[in-house]
Each structure stands twice: as C-alpha cells, then as structure tokens.
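Enquirer: Quick one, structure for this:
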Amino acid sequence: MGDQFIIEQIKNKNVKVFESIFKQYFKILTVYAKSYVLDLDTAQDITQEVFIKLYEKKDELIIHTSLKSFLYASVKNRCLDYIKIHNIRQQHKDIIQKESSILIEEDIDVIEKTELQEKIYKAIKTLPNQNQKIFMLSRFEGKTNQEIADELKISKRTVETHISNALKKIKSLVLYAFIILFFS
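Expert: Below you'll find the model as predicted:
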C-alpha cells in the first residue's frame, strides 16, 4: 500500500487501515518522543495525541511528504510544544516558590520582631514605676537625659542610672525568654 492510498483510506474512515498504521508506528514514535521528553509515559501520551489528532482531522488531512515523515514531524512538533510549556510551567513554579519563600521569610521576620517587642514591653512592665517612667520617656518619647531630669526634678546622673538599670533588666528578661523559647 502506498502512502496516498493509506491517506485516502484514513480519510474514508477505514478503521482497519488506521489501526494498522497505529500498530506499525506507535512504538517507534514513542521511542522517538522519549528522546525529546525523557519520560516514557509522557512520550506515550504525546504519540497517542498525534494519532488522535490525525484521526480527528482525517477529513482535512493533506500530507505533502510521506506518512512516516508526517508522523515523525508531528511527534517532534508536539514534543517541542510540550518542552516549551513544561519549561514555562517550571519557570513559573520556580518564581512562585522563590517569592513564597521570601514572603515566608518576611513573615517570620515580622513574627520574630513582634514577639521581641512583646517581650520588651512585658519586661518594661516589670520595672519599678520610676525606672519604667524614665525608660519610657527616654526610649519612647525621645527625651534627653537632661530633659527627663528637669521634668522629674532629679539629677541627670540618677536618670542615667535608672536607664542603665532598666536596660540591664530588660536585656536579661528578654534573653531569658528567648532561651526558654528556643531551648525548651
């Protein structure tokens, strides 16, 4: 049987001819496809798609080369399409993974900062009233030691001592909280 006769039989919906072409070329075209896509299941799917498309488009079938060349070219083109789509999907997947890991890292940073701030505020609340007041005027209201001393009518040296004591206590309480958190 010549190629033109086979093509005419396929156009005339001769199922037996189509089945014989399928049996003749399926395995070798699958091997050919596998050389491109490197996966047997994908290669089989691509080869089946080519035959399905051939059968669906049988009424419009125009082949200017041999049937064999047409089938090989069809499989090759489908493989190249698959590779292109697969690469695009992989690029999108990589971008999404990278962006989501960045977002996760940013979320972790925000969580850690929030937890640290919470521990600092709790530590400040444990300070004696005068110590707490002086520390908050210094760190949260941005007042200088002299401004605090003038406002509270105490010496600048007393303000410095209160701030120093407050920082020591806060650091020790926050450090203790983190040690408990990470080592328990």
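Enquirer: contacting residues around Ile21?
Expert: By C-beta atoms under 8 Å, 6 or more residues apart in numbering, the residues touching Ile21 are Ile6, Ile10, Leu67. All C-beta atoms are positioned from the backbone trio N, CA, C, and that covers glycine.
Enquirer: just Ala123 next, same as before
Expert: Contacts of Ala123 by C-beta under 8 Å, 6+ apart are Lys169, Ile170, Leu173, Val174, Ala177.
Enquirer: Enumerate every residue touching the first one.
Expert: Lys169 sits next to Ala123, Thr126, Leu127, Asn131 when contact means C-beta under 8 Å, 6+ apart.
Enquirer: Can you report how many residues neighbour the third one?
Expert: What that stands for is Leu127. Each residue near Leu127 was counted by other C-beta atoms under 10 Å, and the total is 19.
Enquirer: what about it, which SS state?
Expert: coil (DSSP: H, G, I helix; E, B strand; the rest coil).
Enquirer: related to what we said a few turns ago, which among the contacts of Lys169 gets closest to Ala33?
Expert: Comparing the contacts of Lys169 against Ala33 with C-beta to C-beta places Ala123 closest, at 66.5 Å.
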